[in-house]
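# structure, please.
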Amino acid sequence: MAPARAPRTDARVWLFDLDDTLHDAGTAAMPQLVEAMTDYVAEHVGVPPAEATALRRTYWAKYGATLLGLVRHHGVQPAHFLHHTHLLPGLEGRLHAHVADLHALARLPGRKYILTNAPLAYARRVLSSLGMQRLFDGLLSIEDMHMFGQLRPKPDARMLRRTAARLKVPPHRCTLVEDTLVHQKAACRVGMHTAWMQRWLGPRAGRHRPLRPAYVGRRIRGVHELLKPGR
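Residues are numbered from 1 along each chain as shown. Below is the predicted model of the structure:
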């Protein structure tokens, strides 16, 4: 999606993740997604469900996305995988965001983009259902993350640099708002600011996880906290 207005290189650019950053994906989408991905692996790799589950987890841990492992080792076509695993019937009825985040997004100065490893059709469904689509200047989905003929979703540092260049802004003018720490670490490495969204993490935040790793600029529980002075 193209920017709605001419870019300013001196303005803050906010790159918002979608799932578990702007809505409660853990409840609305993740159980169905996990089941759909496991079924897909079982069918297209030709392994029993238990082995499909193990492969899905292994590829997620190794590559940051199950899809990348399937592409590299099994010749799966990304568009086919993304379509069949994100059908998610009844999704709209389960979506839940926080009304305070919607109000804060409308007030947040600077340009705002969605940067998600989810497919475009899914991201549009979520944003439209939550009434968030009008609050963003653009949407960058996993389909926009091809480089040199390969898919390079978050946390690929080269893709993050290219995203900043595409938006005509230096990385230090960007802030990645994310629930996933490994993505924040990559963003920090390329010079972006980072904000660790914890509203929807729940028990996944864990008492053994560091309060704020060095590569996390801010630790927040709502978009309204971004309105306060800080990195």
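# what segments of this protein are helices?
Taking DSSP state H, the helices of the chain run over residues 25-28, 30-41, 49-63, 66-74, 78-85, 91-94, 99-107, 120-130, 157-166, 181-189.
# tell me the buried residues in the second one?
Within helix 30-41, the residues that count as buried by 16 or more other C-beta atoms under 10 Å are 32-33, 36-38, 40-41. Every residue, glycine included, has its C-beta placed from N, CA and C.
# between helix 120-130 and it, find me the angle.
Helix 30-41 and helix 120-130 meet at an angle of 160 degrees, taking axes from the mean of the first three to the mean of the last three C-alpha atoms, to 10 degrees as the criterion.
# then the fifth one?
Interaxial angle of helix 78-85 relative to helix 120-130 (the same axes, to 10 degrees): 40 degrees.
# so what secondary structure elements neighbour helix 78-85?
Applying 3 or more C-beta pairs under 8 Å, 6 or more residues apart in numbering; DSSP states H and E, we find helix 78-85 packed against helix 30-41, helix 66-74.
# can you redo the helices of the chain as JSON lines with distance to Y215?
Listed next are the helices of the chain as JSON lines, based on distance: least, C-beta to C-beta, whole Å:
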{"stretch": "helix 25-28", "distance to Y215": "23"}
{"stretch": "helix 30-41", "distance to Y215": "25"}
{"stretch": "helix 49-63", "distance to Y215": "19"}
{"stretch": "helix 66-74", "distance to Y215": "22"}
{"stretch": "helix 78-85", "distance to Y215": "28"}
{"stretch": "helix 91-94", "distance to Y215": "32"}
{"stretch": "helix 99-107", "distance to Y215": "23"}
{"stretch": "helix 120-130", "distance to Y215": "25"}
{"stretch": "helix 157-166", "distance to Y215": "12"}
{"stretch": "helix 181-189", "distance to Y215": "4"}
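# right, so of those helices, which gets closest to L227?
When the helices of the chain are compared by C-beta to C-beta, helix 99-107 sits nearest L227, at 6.1 Å.
# before we move on, back to that, format the helices and strands packed on helix 78-85 as CSV; extra columns: distance to M145 and mean pLDDT.
CSV is the format used below for those (distance: least, C-beta to C-beta, whole Å; pLDDT from 0 to 100):
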stretch, distance to M145, mean pLDDT
helix 30-41, 18, 97
helix 66-74, 11, 95
